[in-house]
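Colleague: task: produce atomic coordinates for the following.
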Amino acid sequence: ARPHLNKEGFHHCILVPVLGKKSVIGTLTLGSGRHVRYTPEEMEFLATTAHQLGLAVENLRLFEQILRSHRQWTNTFDSIQDVVLLHDADFRLMKVNRALLTRLGRAPSEVVGKTCEQTLPGSGWTGCPYCRGDESFFEGADPCFHGVSMVSSSSYADQDTRQKGTIHVVRDVTDRHVAEEKYRLLFQEMQEGVFVATPDGTLLDCNDAFVRMLGLGSREELMALNLDEDVYASSERRET
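Modeller: Numbering: from 1, shown residues only. So this is what the prediction gives:
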């Protein structure tokens, strides 16, 4: 490389290893256009400077990785279609996802840091509408957004601050309940006999018409029977 250095007017170059926390991550090169004698103190200064530069570069990379990881986590968090909210022990919202913000019609700055009572709609509840003691899962009427919701709750404690928090995942299952109710009404009101059974002949469900067709007094009487043994003329007929 010396001919190239001479061409550019350099008399010499000093190469100082840039040390990270565990290994060399690069080289700091200093060029001079004239002859220079360096004292041990100056060489020590250059080595220390290069080491500090190495630590700064590593910290910057680590910070960028944290930001990238945070963005990925935020994107994943916001891609969840269910409502997700995280609050502390005082029911102050620490994190919410886009699904909840859309339902509320509000920006993150208007929600994060506020209490559940200040933010979530509905009435008849205090603290948090989705906290039910030690109950980690329930399904029922949604106290905030009407309809029917399936709610999963998990508690955690931050390792550094020991601050306790609770995460709620709220899924709207109103459409499923409506469909189930329609199916139940259809099942019960049909004039044809309808039943559900296992392959071995155990009855799981049936409608009233099926009970009347068999001349029994109640659904319970029928449910105690076995299809192969008590209902079909022969097990071969049922197999067919």
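
Colleague: and for the most far-flung residue of the chain relative to its centre, nearest residue in space, chain neighbours not counted?
Modeller: Ranked by distance from the centre of the chain (Cα atoms, centre = their mean), the top residue is H35, with 63.0 Å. Among residues not flanking H35 along the chain, H11 sits closest, at 5.7 Å (Cβ to Cβ, 6 or more residues apart in numbering). Glycine gets a C-beta too; all of them are placed from N, C-alpha and C.

Colleague: cool, T27 as well?
Modeller: L15 (5.4 Å).

Colleague: how about low-confidence regions in the protein?
Modeller: 158-163 (pLDDT under 70).

Colleague: most centrally placed residue in this structure?
Modeller: Note: the chain centre (Cα atoms, centre = their mean) maps to F77, 5.6 Å.

Colleague: who are the neighbours in contact with that residue?
Modeller: By Cβ atoms under 8 Å, 6 or more residues apart in numbering, the contact set of F77 is 84, 95, 97.

Colleague: tell me which of the residues you listed is nearest to R176?
Modeller: Of all those, V84 has the smallest distance to R176: 19.4 Å, by Cβ to Cβ.

Colleague: list the buried residues of the helix or strand hosting that closest one.
Modeller: Following DSSP states H and E, one finds V84 within strand 83-88. Buried residues in strand 83-88, counted by 16 or more other Cβ atoms under 10 Å: 83-87.

Colleague: what packs against that strand?
Modeller: Under the contact definition 3 or more Cβ pairs under 8 Å, 6 or more residues apart in numbering; DSSP states H and E, strand 83-88 sits against strand 93-96, helix 98-104, strand 164-172.

Colleague: could you dump these to JSON lines with distance to E135?
Modeller: Listed next are these as JSON lines, based on distance: least, Cβ to Cβ, whole Å:
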{"stretch": "strand 93-96", "distance to E135": "21"}
{"stretch": "helix 98-104", "distance to E135": "21"}
{"stretch": "strand 164-172", "distance to E135": "12"}
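
Colleague: how about CSV for these, with distance to D142 and mean neighbour count added?
Modeller: Below are the helices and strands packed on strand 83-88 laid out as CSV (distance: least, Cβ to Cβ, whole Å; neighbours: other Cβ atoms under 10 Å):
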stretch, distance to D142, mean neighbour count
strand 93-96, 16, 18
helix 98-104, 11, 17
strand 164-172, 7, 18
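
Colleague: out of those, which gets nearest to S154?
Modeller: That would be, of those and by Cβ to Cβ, strand 164-172, which comes in at 4.9 Å.

Colleague: any idea how far the closest one is from the middle of the chain?
Modeller: 10 Å (Cα atoms, centre = their mean, to the nearest Å).

Colleague: now that strand against strand 83-88, angle please.
Modeller: Relative orientation of strand 164-172 versus strand 83-88 (axes from the mean of the first three to the mean of the last three Cα atoms, to 10 degrees): 160 degrees.

Colleague: so in that sheet, which strands flank strand 164-172, and in what orientation?
Modeller: strand 83-88 (antiparallel), strand 148-157 (antiparallel) (DSSP bridges).

Colleague: could I get those as JSON lines with distance to V169?
Modeller: Output for the strands paired with strand 164-172, formatted as JSON lines (distance: least, Cβ to Cβ, whole Å):
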{"stretch": "strand 83-88", "distance to V169": "5"}
{"stretch": "strand 148-157", "distance to V169": "5"}
